[in-house]
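1. attaching a predicted model along with its sequence, questions to come.
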Amino acid sequence: MKLTLIKKQTFKLKPYGKFFISMARRPKSHLPHVIDFRELRIDFESGMPFTKEQEQKILKEMKKHKTDIFTDGSWNGHYTRAGGGQYASLCRVSHPKISKYQDDVDGFREVIDNTYTK
């Protein structure tokens, strides 16, 4: 038996905060907007592969809005691009800073929104 299975899902994503995911050896994770990649929880099972054009579009949106995180508006719907395959995939992610932003703990949302990232 030969099967070709394709996952397909439509996302309505919008930028979420101004978070920067750092893959540096010594990231400045003490800064509120920097998320250390090694601390980021990535749900690779949720991964949806991009085409080259889709990846370019998502990178353009990341630069435009100065964030590496997007949301679909649901409680646990936070996404970023993660490696895998020929092009990256859109994967669900979680991190304490993302949760803190969502709950606006101690005015954290304002701190992040007023932070300039690369």
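-> Alright, I've got the coordinates. Predicted model only: the values in this text are computed from it and were never measured.
2. tell me if Lys63 really is in a strand.
-> No: membership of Lys63 in a strand is not supported by DSSP: H, G, I helix; E, B strand; the rest coil, which gives helix.
3. ok, it - contacts?
-> Contact criterion C-beta atoms under 8 Å, 6 or more residues apart in numbering gives no residues in contact with Lys63. In short, each C-beta sits where N, CA and C put it, glycine included.
4. distance of it from Gln56?
-> 11 Å (C-beta to C-beta, to the nearest Å).
5. what's the answer for Lys18, then?
-> Where Gln56 is concerned, Lys18 sits at a distance of 21 Å (C-beta to C-beta).
6. quick one: which of those two has more around it?
-> Higher neighbour count among Lys18 and Gln56: Lys18, with 20 against 12, using other C-beta atoms under 10 Å.
7. on the three-state scheme, that one is what?
-> On the basis of three-state DSSP, Lys18 is classed as coil.
8. that one touches Thr67, doesn't it?
-> Yes: counting by C-beta atoms under 8 Å, Lys18 does reach Thr67; the two are 5.1 Å apart.
9. correct me, but Gly47 touches Leu90?
-> Yes: using C-beta under 8 Å, Gly47 makes contact with Leu90 at a distance of 6.9 Å.
10. overlap in contacts, those two.
-> In contact with both Gly47 and Leu90: Ala82, using C-beta under 8 Å, 6+ apart.
11. least confident secondary structure element in the chain?
-> strand 41-49 (a mean of 88; mean pLDDT, DSSP states H and E).
12. who are the packing partners of that strand?
-> strand 78-82, strand 89-94 (3 or more C-beta pairs under 8 Å, 6 or more residues apart in numbering; DSSP states H and E).
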